[in-house]
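Q: Sequence isn't available, so here's the structure alone:
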């Protein structure tokens, strides 16, 4: 939530969250946060900051500010998680979550492009094995609990609804400018935001190897079956095309009433 309480954003990992956070910071302060917005300890309210929690809770329950979130196609989101979090070296110079990658190499036979993530490897085979691991974490919570970067978007979005919140807007990463502009048009901010002048803050870019194939090459029949098992609510609620992994764009409008009804249980 911005310090001015102009807007509340439910963060969803791998869905333009760094850019949205910086836009919110800029709208209050007239400048961007110097560094990764996820590291900011002041200048905005965050659930991870203890003194922010009662402020956010009060606002969300009373619906005092415009509340929004941003979602993404499950196919491209899980691929992005694989290349960034599994194959990539993180900004602290180490592998994501310490022993996670060695565990995946040992238990699932995944390759990640060597110690630096730069060597060639069979991306398609390794990704499909990673997807099996994702399914195991989400379905069976083994060999570990699901990670926020690949757990379903509906689960992230739903926590706000379950705790008494209500969304005014939900938009797609794939049509970011349209959706973010709609949010900015609906609020008053201490500093005006010219969206066309805002850079993209892709904090994960460059962490891992580049994707060598089109999206659809990574998903065979079995992979798509796993994707439906894991992400069927995301495909249905946020109107993404399950049948065609090559189509990252939504195929219908998001129904906010349906989202609240289905995620409010």
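A: Yes, it's here. On a predicted model such as this, the values are computed, not experimentally measured, just so you know.
Q: Contact partners for residue 96?
A: Residue 96 makes contact with 85-86, 88, 90 under the criterion CB atoms under 8 Å, 6 or more residues apart in numbering. To be clear about C-beta, it is placed using only N, CA and C from the backbone, and glycine gets the same treatment.
Q: cutoff 6 Å now
A: Counting by CB atoms under 6 Å, 6 or more residues apart in numbering, residue 96 makes contact with 85, 90.
Q: Mind pulling the model confidence for it?
A: Residue 96 is assigned 89 on the pLDDT scale.
Q: how close does the closest residue to residue 180 other than its chain neighbours get to residue 185?
A: Excluding the flanking residues, the one nearest residue 180 by CB to CB, 6 or more residues apart in numbering is residue 195, at 6.0 Å. Per CB to CB, to the nearest Å, residue 195 is found 10 Å from residue 185.
Q: cool, and residue 95?
A: For residue 95 relative to residue 185 (CB to CB), the value is 42 Å.
Q: quick one, which of those two is more surrounded?
A: Ranked by neighbour count (other CB atoms under 10 Å), residue 95 and residue 185 place residue 95 first, with 19 against 7.
Q: and that one, what are its phi and psi?
A: Here is the backbone geometry of residue 95 (degrees, to the nearest 10): phi -70, psi 150.
Q: so the nearest residue to it once chain neighbours are set aside is in which element?
A: The shortest distance from residue 95 to any residue other than its chain neighbours is 4.7 Å, reached at residue 101 (CB to CB, 6+ apart). Residue 101 is part of helix 100-108, with elements assigned from DSSP states H and E.
Q: Buried residues, that helix. List them.
A: Across helix 100-108, burial judged by 16 or more other CB atoms under 10 Å covers 100-101, 104, 108.
Q: Now distance to residue 199 and pLDDT too, for those, in a markdown table please.
A: Shown next, in a markdown table, are those (distance: CB to CB, whole Å; pLDDT from 0 to 100):
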| residue | distance to residue 199 | pLDDT |
| --- | --- | --- |
| 100 | 30 | 92 |
| 101 | 30 | 92 |
| 104 | 33 | 94 |
| 108 | 36 | 96 |
